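Peer 1: kindly return the folded structure for what I paste below:
(one chain, ligands or ions: 1)
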Amino acid sequence: MKQSDCFSCHSVDQKMVGPAYAWVAYKYKGQKDADVKLAQKIKAGGAGNWNALTGGVPMPPHPQLTDAQAKAMADWVLKQKPVEPPKA
Ligand code: HEC
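Peer 2: Numbers count the residues shown, from 1 in each chain. Below you'll find the model as predicted:
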């Protein structure tokens with residue numbers, strides 16, 4: 001993820017352009033296919049899940065990533081210590 005652009009829009013515990021990874025971990029905690037879903041979102045991009053906090057800015061697609069890379073990134077995000085996102 002350091003070689004990609006992830007950390008220019010995300011930090012682990014603070015809002016940047018995108019949601020903090022700790023909030024993402026909180027939101028999907030205990031959801032069965034969260035890793036698959038997030039891996040798809042990392043590759044394809046998308047919007048709408050964090051509008052209240054991002055103001056509707058979309059997550060850009062990353063088509064250059066392999067499925068294995070996207071999955072590893074999703075797993076890493078889901079492993080962060082979950083923190084409840086602030087109410088926007
Ligand atoms: C240009 C800024 C930008 C970059 C670069 C970026 N993101 Fe995001 N990301 C966002 C925004 C904005 C959202 C919120 C999208 C939404 O509202 O659904 C987001 C959402 C996410 C989510 C949560 C998805 C969901 O549906 O809840 C994950 C996981 C994520 N990004 C991972 C990554 C990873 C991994 C990378 C690097 C490969 C990356 N992001 C690069 C802006 C960015």
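
Peer 1: sketch out the low-pLDDT regions of this structure for me.
Peer 2: For the chain, the stretches with pLDDT under 70 are 88.

Peer 1: 90 instead, please
Peer 2: 1-3, 87-88 (pLDDT under 90).

Peer 1: any chance you could map the helices in it?
Peer 2: Along the chain, counting by DSSP state H, helices occupy 6-9, 21-28, 34-44, 51-54, 67-79.

Peer 1: pick the most deeply packed of those.
Peer 2: For the helices of the chain, the largest average neighbour count (mean count of other CB atoms under 10 Å) is found in helix 21-28, namely a mean of 20. No exception for glycine: its C-beta is placed from N, CA and C like everyone else's.

Peer 1: angle of that one against helix 67-79?
Peer 2: 90 degrees (axes from the mean of the first three to the mean of the last three CA atoms, to 10 degrees).

Peer 1: residues making contact with helix 21-28?
Peer 2: Contact partners of helix 21-28, identified using CB atoms under 8 Å, 6 or more residues apart in numbering, comprise 10-13, 34, 37-38, 49, 53, 77-85.

Peer 1: wondering if it reaches the ligand at all.
Peer 2: Yes: judged by CB under 6 Å from any ligand atom, helix 21-28 comes into contact with the ligand at residue 24.

Peer 1: how far off centre is that helix?
Peer 2: Centroid separation for helix 21-28 versus its chain: 8 Å, with CA atoms, centre = their mean, to the nearest Å.

Peer 1: mind saving the C-alpha coords of it as CSV?
Peer 2: The C-alpha coordinates for helix 21-28 follow below in CSV (Å, rounded to 0.1, in the frame of the first residue of the first chain):
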residue,chain,number,x,y,z
TYR,A,21,-8.9,2.8,8.0
ALA,A,22,-9.8,2.3,11.7
TRP,A,23,-13.4,3.5,10.8
VAL,A,24,-13.5,1.1,7.9
ALA,A,25,-12.5,-1.7,10.2
TYR,A,26,-15.2,-0.7,12.6
LYS,A,27,-17.9,-0.5,9.9
TYR,A,28,-17.2,-4.0,8.5
